[in-house]
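Asker: could you work out the structure for the sequence below:
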Amino acid sequence: MQNKGFVRVFAILLALVCIFYLSFSFVTNKYNKEATAYANGDAAKENFYMDSLANKKVWLGYTLKKCRENEITLGLDLKGGMNVILELNVADVIRSLSNNNKDENFNKALEAARSRQSTSQRDFIDLFVEEYKRVDPGARLSAIFSTFELKDRITPQSSDDQVVLVLRNELKSAIDNSFNVLRTRIDRFGVVSPNIQRLETDGRILVELPGVKEPERVRKLLQGSANLEFWETYDLTQLYQYLSEADAILARMVEDQASNGEEAAVDESHIAEVAEASAESAPDSPADATADIDSLLGQLGTEDKEAIQSDEELAKQHPLFAVLSPNVTNNGQLVPGAIVGFAAKQHMAKIDSLLNLKQVKEALPNNVLFRWSVKSIDENEQFYQLYALKVTNRDGSPALSGDVVTNANADFAQDRMSRAEQVVSMTMNAEGAKAWARLTKENIGKSVAIVLDDLVYSAPTVQVEITGGQSQISGQFSIEEAKDLANVLKSGKMAASVLITQEDIVGPSLGQEAINSGVISFIVALVVLMIYMCAVYGFLPGMIVNGALLFNIFFTLGILASFKAVLTLPGIAGMVLTLGMAVDANVLIYERTKEELRAGKQLARALADGYSNAFSAIFDANITTMIAGVVLFVFGTGPIKGFAWTLLIGIAVSFLTAVFLTRLVYEWLLSKDKVKNLTFTTGLSKNFFVNPKFNFLGKRKIGYIIPLAIILLGCVSMATIGLNSGIDFTGGRNYVIRFDQAVRTDDLRSSLDEQLDGSVSVITIGTSNQVRVSTNYKIDDNDPAVDEEIGNRLYEGSKEYLPSGTTLQQFTEQYIQSSQKVGPSMADDIKNSAVMAVIIAMFCMALYILVRFRDWGFSIGVFVSVFVTTLCIIAFYTLFWKILPFSMEVDQTFIAAILTVIGYSINDTVVVFDRIRETIHDYPKRDRYQVINDALNSTLSRTFNTTLSTFVVVFCIFLLGGTTIRSFTFAIMLGVLVGTYSTLFVATPIAYEIQKRRMAKKAVLEPATVKK
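Answerer: The predicted model follows:
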């Protein structure tokens, strides 16, 4: 074997990298257990514990926050939570940029583009421009968009291309701002390890929230409109005496309630909370954070504090100032400005509740509002500023609304020392300019707060009256902070709604069940595979392969961790499937080695030739499977991407472990004279498929008829019964409900029909007491209240199957195990992507075979084979979905199974074609009929062993992997069988037919013998 040194070094380095990245998961697991023990079931305490240690270095110089970013993350289908895809209404953005132009052709084009977008993969702006030119061929876009707000960038003379460029930039700004607003809302929501990312489609944002238990609250949070506002502010020097009085009132309330034994308005849990937060001092605990609280409290500078001996006493005597540190200097002087004080993250909600008590509000000015800063003031992200805003309008509205802002940009300007500093330039319309001039004139030397979503993004101090609507905001911004503030300011003019187009909710119990079933199926499949290899090829060869499989798992998990990939239940299935396919390489090697041994070669020579002769087939097979994985990764979403990613990594790793590492082991054993009489057979497999003589080509017509009959039956069934399309393709909602007792699906459907206008289907999922309810009731209605309405209707329809007294909240939290929503536009996108993925995969496979084998016959045979395999699986699904006792929906996971099967089927076909190519090369004048039959027979043992091992592995997942992937694994099982059949009776015979005709034509010019 050449380059042994390189293989050893590469394997060692890869192992070290994998150990490094996997170590983070062990570290974070340790701290997660500590947080759980500390919190004792209190989610808020658990979050506080982890947040307080976020920037503490805990492993190899990495902070806990960095360790958590590098750990293997479980998908929501494994740990429970909420997955949402939001879509910014791009049409609203375009309409807003036109200043809500009433032009009839413009609005027609917008509506037409909106309709086309549901069935097109192109972006909205391109579709809009096409439609506008279609409805009004001679019109220029500048006539619509040369508004006052865009006058600096679009003039009546601007070309359409220039206008489109501006529209794209403005749309990007709107998306960026929506993304930032959502990120801020989610950070404040208190979810552990949320994930938010932009998707490739314009205007779509993915949000993953682990462990969410209040989906309705999350929906309102994500879809709520973001209002930009400008507020006048109070100065702390004006307000401090009122805050001191409020603190004294709270202290008297605590004392009075304690002496009278009344129910406390300022509850004792608040006092205990403050005391506990300050008392934590053990290593690796939140003490690091609370020490900062103490240092802030030390700035109070009051005589009372010196007399207080405990934090609990401080909390009793100063309930407000124990958690809110006033903005004072080190010597106790108040700092002028709108910042009232600072507070730890875990105390913010408590401060809000104290300031909203009736007695406190009566002590404060009636026109004061308190709002928190959007960003923390410390690196640990534990402390925030509290601002005091002043209400100057009778209706409680802000001094100026954000819709007057026409443009904002991050820029550079020179400060007083002639140094460049980052600033934000802001432009207002005529109406806003007048109001802004008045506002700035009245507040010279004071702060004006910029507020979005009730959070203060900035509170610049007004230096002079600003006229003309042009302003500059400075404040030692970083480049990113300046961009974010500019986007916030521009959001005021964007009247764009954000809608939920896809939603998945998985309850924690269902997530735990998924983990259990995934792990069990993985272990069982691995054990069965190991036993199979030892039973077929002998103990030592089997154990060498088994060792390679264990390294395959180790490397796959390590690489997943290094790429910060998410492990989903389909991902676990992909890993198990990869093991089955990884065995194929060793089966090929062992079968070729057995052939060399039967030819009389010594063991060392036979092994070397076995590895060498099998290499090209293994390489081609892996490449074709990876093509399917890449297509799946590009066109898949959510868990399907996880499956594709795991499959790709597993295939790449299997090439290293099966081909190179196992060979190193054999060469080491041979060099030490540890093995002499290996035969790679056992009593069970010794005479199995030795020199078979099946006439496959002679039976090719029968081979054509069987799949053709299945496809014809499928066509009839498709015309009469159809497919059981999932909501991924049709749009709608799914709810998995687990009752306390078995339920009859027909009875439950009847009850729900009355509530949901008959658009309901109910099937049993897993056990007899668990059902899945599917409905497209009001799926076109984007009103956020619809989700709540359907929840109520489900509850009413299910009442008779629930224990007496069960409330709506109990039904939602305890009985609904998961829910899923896919909007119509999202469903069309998924469906179009699925069809395109299958077609592209087929053509890519055929093209690769053409390039590798340089023979149209092989390429056409492959294409027809995968096409037949795909149609047969679809036929089985349309024939049996009403008969078999599990869901057989055609959805994203079904398409993932189809693509996997295409890759697997090609894998099998490539091995046969490779043997044909090899035989033709060695015996160019041998009869082609005999060559192909011999190739099929000589690879039959490998075909059988690979098919059986893969089928057994997938069957384990099918039985034990849980209901959510049962249809997925069933499709793969069918594909393994049908794909193998297609290799033997479709792909290879068709390749022969084409080659025979080509040779017959050639014989006209050059006499040759062609067997009929």
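Asker: how about the strands in the stretch 751-900 of the chain?
Answerer: For the stretch 751-900 of the chain, the strands defined by DSSP state E, counting those that start in this stretch cover 760-764, 770-775, 816-822.
Asker: okay, those in CSV with mean neighbour count, distance to Ile444 and mean pLDDT next?
Answerer: In short, each C-beta sits where N, CA and C put it, glycine included. As requested, those are exported to CSV (neighbours: other CB atoms under 10 Å; distance: least, CB to CB, whole Å; pLDDT from 0 to 100):
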stretch, mean neighbour count, distance to Ile444, mean pLDDT
strand 760-764, 19, 65, 81
strand 770-775, 22, 60, 86
strand 816-822, 23, 52, 83
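Asker: how about the ones you listed in TSV, adding distance to Ser474?
Answerer: Below are those laid out as TSV (distance: least, CB to CB, whole Å):
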stretch	distance to Ser474
strand 760-764	59
strand 770-775	55
strand 816-822	45
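Asker: to Phe951, which of those strands lies closest?
Answerer: strand 760-764 (26.2 Å; CB to CB).
Asker: how about the strands of the stretch 751-900 of the chain, which one is nearest Thr646?
Answerer: strand 816-822 (22.0 Å).
Asker: give the other helices and strands that the closest one contacts.
Answerer: Judged by 3 or more CB pairs under 8 Å, 6 or more residues apart in numbering; DSSP states H and E, strand 816-822 is in contact with strand 498-506, helix 508-537, helix 727-730, strand 732-738.
Asker: the closest residue to Gly518 other than its chain neighbours - how many residues pack around it?
Answerer: In space, and not counting its chain neighbours, Gly518 is closest to Ile572: 4.2 Å by CB to CB, 6 or more residues apart in numbering. Ile572: 27 surrounding residues under other CB atoms under 10 Å.
Asker: need the contact list for Ile572.
Answerer: Applying CB atoms under 8 Å, 6 or more residues apart in numbering to Ile572 gives the contacts Gly518, Val519, Ser521, Phe522, Thr646, Gly961.
Asker: could you do Ser401 as well?
Answerer: Neighbour list for Ser401: Asn227, Leu228, Glu229, Phe230, Gly492 [criterion: CB under 8 Å, 6+ apart].
Asker: cutoff 7 Å now
Answerer: Ser401 makes contact with Glu229, according to CB atoms under 7 Å, 6 or more residues apart in numbering.
Asker: and it, backbone torsions?
Answerer: phi -90, psi 160 (degrees, to the nearest 10).
Asker: and it, how far is that from Arg700?
Answerer: To Arg700, Ser401 is 76 Å away according to CB to CB, to the nearest Å.
Asker: next one: Ala644
Answerer: 35 Å.
Asker: more neighbours, these two?
Answerer: Higher neighbour count among Ala644 and Arg700: Ala644, with 25 against 18, using other CB under 10 Å.
Asker: so which of the strands of the stretch 751-900 of the chain is nearest Ser425?
Answerer: Nearest to Ser425, of these and by CB to CB, is strand 816-822 at 41.4 Å.
Asker: show me the helices in the stretch 201-350 of the chain, by range?
Answerer: Along the stretch 201-350 of the chain, counting by DSSP state H, counting those that start in this stretch, helices occupy 215-223, 236-260, 268-279, 287-297, 303-307, 311-317, 348-355.
Asker: mean confidence for the first one?
Answerer: Taken as a whole, helix 215-223 has a mean pLDDT of 76.
Asker: run the angle between the helix or strand harbouring Met543 and helix 508-537 for me.
Answerer: Taking DSSP states H and E as the definition, one finds Met543 inside helix 539-562. Using axes from the mean of the first three to the mean of the last three CA atoms, to 10 degrees, the inter-axis angle of helix 539-562 relative to helix 508-537 is 150 degrees.
Asker: for helix 539-562, output the C-alpha coordinates as CSV.
Answerer: The C-alpha trace of helix 539-562 is given here as CSV (Å, rounded to 0.1, in the frame of the first residue of the first chain):
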residue,chain,number,x,y,z
PHE,A,539,-14.4,-13.7,13.4
LEU,A,540,-11.2,-11.8,12.6
PRO,A,541,-12.2,-10.3,9.3
GLY,A,542,-15.6,-9.4,10.8
MET,A,543,-14.0,-7.8,13.9
ILE,A,544,-11.7,-5.7,11.7
VAL,A,545,-14.7,-4.4,9.8
ASN,A,546,-16.5,-3.8,13.1
GLY,A,547,-13.6,-1.8,14.4
ALA,A,548,-13.8,0.3,11.2
LEU,A,549,-17.5,0.8,11.9
LEU,A,550,-16.7,2.1,15.4
PHE,A,551,-14.1,4.5,14.0
ASN,A,552,-16.7,5.5,11.4
ILE,A,553,-19.1,6.5,14.2
PHE,A,554,-16.4,8.3,16.1
PHE,A,555,-15.1,10.3,13.1
THR,A,556,-18.7,11.1,12.0
LEU,A,557,-19.7,12.5,15.4
GLY,A,558,-16.4,14.4,15.7
ILE,A,559,-16.8,16.0,12.3
LEU,A,560,-20.5,16.9,13.0
ALA,A,561,-19.3,18.6,16.1
SER,A,562,-16.5,20.5,14.3
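Asker: would you mark the buried spots in it?
Answerer: Of the residues in helix 539-562, 540-542, 544-546, 548-549, 551-562 count as buried by neighbour count, 16 or more other CB atoms under 10 Å.
Asker: now the helix or strand just after that helix, how far from the centre of its chain.
Answerer: Per DSSP H and E, the first helix or strand lying C-terminal to helix 539-562 is strand 566-567. Centroid separation for strand 566-567 versus its chain: 9 Å, with CA atoms, centre = their mean, to the nearest Å.
Asker: swap in stretch 51-58?
Answerer: 26 Å.
Asker: that'll do, ta.
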